[in-house]
Each structure stands twice: as structure tokens, then as C-alpha cells.
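1. Return atomic coordinates for the entry below.
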Amino acid sequence: MIRNTSRQDTKIEAVPVWKNKKVLKASVFASLTVAFLAWGVGAWHKTGSVDSTLSLSRINIAQVERGDLIRDLVVQGQVVAANSPTLFSPAQGIVKFAVKAGDIVEEGQLLAAVDSPELSNQLAQENAQLNQLTVNLQRQKIQAKRQQMENRQKADLAKVNLTAAKRELRRAELSMEKQIISRLDFEKTKDDMSRAQLEYAQAVQNAELEKESLSFETRNLELQVSQQKLQVQEKERRVRELNIVSPVKGTVGSLSVAQRSAVPANAPLITVVDLTSFELEARVPENYADDLGISMAVAINLGGKELAGEITAISPEVINSQVVARVRFTKEQPKKLRQNLRLTARILLENRNNVLLVKRGGFLDQSGGNHVFRLNNEQQAERVSIQIGALGLKQVEIVSGLQEGDTIITSSSEELENAQLVALTD
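-> Numbering: from 1, shown residues only. Below you'll find the model as predicted:
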């Protein structure tokens, strides 16, 4: 036989790969390397243009929806009396109060009295003048009656003389026919007749003129008496006003002077607060002044309960960058209201129906309402420009830039300051 190398070969048994430690280590290392490279490539593709990374637990998100927006304004105000008249001294004198500050008073109740000797003296003088004019009027009426009687007597005598003259004329005519008297006597009789007629006519006219004159004088005195009565009534009214009574049912607010003080005319004495009529005096920032209007609805918060009200007056001037609006309760006034009680009110400026809305958040202050970050399906938030409309207490109107169903970041964050695309992590 020819010698070969079969004696030199050694048979080696096959070992499984999973039992081969070197091969196993190499395989595992290769697999991890490939996986890491694949993850790195994917992450690079996914976040290659991301400007920042932000955790979802650090932000607030909200969905854009369609609904009705109530544009309102929350203001602070204090309760004031709608009717709190201040009573003044009607004349110079000494004041004596019948009540104290804080007393409950009824309408028509005596509050104070002013002792004014000067006004009392003026009333006495006016009464004396009225009495004098009244006496003069009565005297004038008596004089008028006497004068009219005398004038009537004169007219009657003239009529008697006229009758006698007519009778003498008829006798003279008969005598003239019989040639008993001369022509000269007959002419004299006719002259007497003419004179009697003239005297009677003048007596009647003088009586009428004298009657008119007397009536005029009497009427003049009557007017003077009427005028003087008005003067007396005015003085009596002023004297009655020395007793100061309450114009409303309420409470005494304050006394402006001390008891039994000497006060001039028209000096403030006492203030009465009407407890049945309260209003809310709300201070509104001046940039909302143009949005306010008379009869605008207001929701007043009293002890957690909203009460309906409306604006009744708006101050025309701006004080400390604010305007003052008066609000009254449209329904029954609540009980236990107190002067200067501080309340919160919500002025309903506008109501917009069927608009895009989103919850208010810090994004308004951070971006000025010019842009937001909208979430997409790849757990990223991209910056989009928007236009906002009316601002409500809890919501803001979206005019353009977003659609119904979009989800945005409503909170503010430093990472969102200058970013265009933000990656979101759990």
C-alpha cells in the first residue's frame, strides 16, 4: 500500500454556535452595533431639525374647539348708596340736632331745627305789611261804594232836572201857541231844556268813568295784597324749612357740625343714607372705557352667588387710569348690603357665537398672541402663526392659523422662546 496522510488527520466533532463563546460574543456585539446604528440613524432623521426638547409633564395643552365666547371683564367695586342726600341749613342761625350719627330714621322724621331770629322777624314784618294792605283794600272798597253812590245821586238829580225842563218846555210851547208868553221866554225855556239834557249826559258819563277808576284802584290794591300774600307764604315756607326732616327712610350717615353750632345759610348739616337703594361703584381700566355702554349686563358676585345687574352711568373723566361705572341690581336688591362693601363684578362686554375657541394660557403673554406651538402626530410641536380675536375670562377666540380639533401648547416655557420645532417626551 502506498502510504498517505490519513494517519495524520484527526476528526473533530461539530460544536453548535450557541456553545461557541467566541462566536457568540462576536454575534452579540455585531447585533448591538447594528441596533445602535439603526437607532442613531432613526433618531437623527427624527430630530435632525428639532430646536429643543420638552417634557409633556411640564406643559399644558388644550384643543381648539368651536363654541360661543362671552367677552367679559372682571372688576372690583364697592357698594354705595344710590340715594344719600345731604341736607343744608336753610338760613343763618343756631342748629339743634334731634338725632345722632347711625340712628335709623323714617321718612318725614325731624332731624334738626335751626333757630333763626332774623327769618322770624322778616316773617312778622311781611305779615304786618299784608295786614296794612288788606286794611287799605277794605277802605278803598268802602270809598268806591260811597263815590259810586254820590255819582248815582248826581245822575239821578240831573235826570230830575231834565224831566222838569221837558215839562217846562211843553208848557212854554202851549203858552206860545196862545200868545201868552213872549218869544224871549220861550227861547229861554228851550235853553234850559238843552242845559238839563247836557248835564244829565255828563253826569251819566262821569259816573261810568268814576266807576272804572274806582275799579282800577281797587284791583291795584287787590294785586298788591296778592303779591304780599306770596311774600308771606315764602317766608312761612322758609320758616317751616327751619325744621329739617328726613327725605327718605334710612340711617343718619354723618353730622357735619356740632350740636348747637352757629351755621351760615346753605351750610351742610347732615347726611342721610337710603338703605332701600344700593348700587355698585365699579372701577374699570381706561382701555376698556370705549367698550362700556349704558344698560350693559353685569354679573355681580355676592357670597359665591351671581346677581344680575346693569350699568346705569359711566364717569366722563379718567382718574388714576380708571373710569367709574355705576351698576344697579336689575332684580330685587339683596338683603344685608352694607355701605362700602367690596364685591367682584363681571361686565359682559360682548357675546360671539360659533367661533373657534381655545383655553387661555401663558402663551398669550409670551408670544403676544402672534403664534403658538401646535402638536403633530410625531410627538413634536411646531410653531405656527395665528391671529386672535376677542379675549374672554377663560377662553380666547382664534381668528386664523388654527383649525377645529388642533391641539396646542397653552403654557409658556423658556424652551419655546425662539424654537421653531420642539420634540416632546414623556
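
2. Domain parsing of this structure, as residue ranges.
-> 52-69+353-425, 75-81+274-351, 88-116+242-273, 119-231 (automatic domain parsing).

3. Residue 252 against residue 106, yeah?
-> No - the criterion here is CB atoms under 8 Å, and residue 252 misses it with residue 106 at 11.7 Å. Quick note: C-beta positions are derived from backbone N, CA and C, even for glycine.

4. SS state for residue 337?
-> coil (DSSP: H, G, I helix; E, B strand; the rest coil).

5. quick one: contacts for it?
-> Neighbouring residues of residue 337 by CB atoms under 8 Å, 6 or more residues apart in numbering: 79, 278.

6. measure it to residue 319 for me?
-> In this view, residue 337 and residue 319 are 25 Å apart by CB to CB, to the nearest Å.

7. Quick check: which ranges of the protein have low pLDDT?
-> Along the chain, segments meeting pLDDT under 70 span 1-50, 378, 393.

8. got the contact list for the residue nearest the centre of it?
-> For the chain, the residue nearest the mean C-alpha position is residue 313 (2.5 Å; CA atoms, centre = their mean). Shown in contact with residue 313 (CB under 8 Å, 6+ apart): 294, 325, 326.

9. can you put the residues you listed in CSV and add neighbour count, secondary structure and distance to residue 170?
-> Formatted as CSV, the contacts of residue 313 follow (neighbours: other CB atoms under 10 Å; DSSP: H, G, I helix; E, B strand; the rest coil; distance: CB to CB, whole Å):
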residue, neighbour count, secondary structure, distance to residue 170
294, 11, coil, 96
325, 26, strand, 102
326, 19, strand, 98
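
10. What segments of the stretch 51-200 of the chain are helices?
-> For the stretch 51-200 of the chain, helices defined by DSSP state H, counting those that start in this stretch occupy the ranges 117-177, 183-240.

11. so which of these gets nearest residue 258?
-> helix 117-177 (20.3 Å; CB to CB).

12. now the closest one, how far from the chain's geometric center?
-> Chain-centre distance of helix 117-177: 66 Å, with CA atoms, centre = their mean, to the nearest Å.

13. just stretch 85-98 next, same as before
-> 29 Å.

14. Quick one: residues in contact with that stretch.
-> For stretch 85-98, contacts defined as CB under 8 Å, 6+ apart pick out 110-119, 238, 241-242, 244, 247-248, 255-257, 259-272, 274.

15. for stretch 183-197, same thing?
-> With CB under 8 Å, 6+ apart as the contact definition, stretch 183-197 has outside contacts at 158, 161-162, 164-166, 168-169, 171-173, 175-176.

16. and with 7 Å instead?
-> The contact list for stretch 183-197 (CB atoms under 7 Å, 6 or more residues apart in numbering) reads 161, 162, 165, 166, 168, 169, 172, 176.

17. just the buried members of the residues you listed?
-> 161, 162, 165, 168, 169, 172, 176 (16 or more other CB atoms under 10 Å).

18. one step back: ok so the residue nearest to the centre of the chain is a strand residue?
-> Yes - using three-state DSSP, the assignment for residue 313 is a strand.

19. Roughly how far does it sit from residue 71?
-> On the measure of CB to CB, residue 313 and residue 71 end up 22 Å apart.

20. Run a quick neighbour tally on residue 216.
-> 10 (other CB atoms under 10 Å).

21. Please read the previous query as pertaining to residue 308.
-> With other CB under 10 Å as criterion, residue 308 counts 11.

22. Output whichever strand or helix holds it as CSV, restricted to C-alpha atoms.
-> Assigned by DSSP states H and E, residue 308 belongs to strand 305-314. Extracted as CSV, the C-alpha positions of strand 305-314 are listed here (Å, rounded to 0.1, in the frame of the first residue of the first chain):
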residue,chain,number,x,y,z
LYS,A,305,-73.8,83.7,44.1
GLU,A,306,-74.2,85.7,40.9
LEU,A,307,-76.7,88.5,40.8
ALA,A,308,-77.9,90.3,37.7
GLY,A,309,-77.2,94.0,37.2
GLU,A,310,-76.7,96.6,34.6
ILE,A,311,-74.7,99.7,34.1
THR,A,312,-76.6,102.9,34.8
ALA,A,313,-73.9,105.6,34.5
ILE,A,314,-70.3,106.0,33.3
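
23. starting at the chain centroid, how far to it?
-> In terms of CA atoms, centre = their mean, the centre of strand 305-314 is set 11 Å apart from its chain centre.

24. Please apply the same query to stretch 353-371.
-> Relative to its chain's centre, stretch 353-371 lies at 34 Å (CA atoms, centre = their mean).

25. Please apply the same query to stretch 226-245.
-> On CA atoms, centre = their mean, the centre of stretch 226-245 falls 35 Å from the chain's centre.

26. Check which residues of that stretch are buried.
-> 228, 231, 232, 235, 238, 239, 241, 242, 244, 245.

27. now do stretch 359-378
-> Across stretch 359-378, burial judged by 16+ other CB under 10 Å covers 359, 361, 363, 364, 366, 367, 369, 371, 372, 373, 374, 375.

28. Identify the residues contacting the third one.
-> For residue 363, the contact set (CB under 7 Å, 6+ apart) comprises 372, 409, 410, 412.

29. want to throw these into CSV with distance to residue 82 and secondary structure?
-> Formatted as CSV, the contacts of residue 363 follow (distance: CB to CB, whole Å; DSSP: H, G, I helix; E, B strand; the rest coil):
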residue, distance to residue 82, secondary structure
372, 46, strand
409, 48, strand
410, 42, coil
412, 44, coil
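
30. got CSV for the buried residues of stretch 226-245, with distance to residue 139 too?
-> Below are the buried residues of stretch 226-245 laid out as CSV (distance: CB to CB, whole Å):
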residue, distance to residue 139
228, 16
231, 21
232, 20
235, 25
238, 31
239, 30
241, 35
242, 35
244, 42
245, 42
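
31. Name the nearest residue to residue 297, ignoring sequence neighbours.
-> residue 348 (4.5 Å; CB to CB, 6 or more residues apart in numbering).

32. And for that neighbour, the neighbour number?
-> Residue 348 has 14 nearby residues by other CB under 10 Å.
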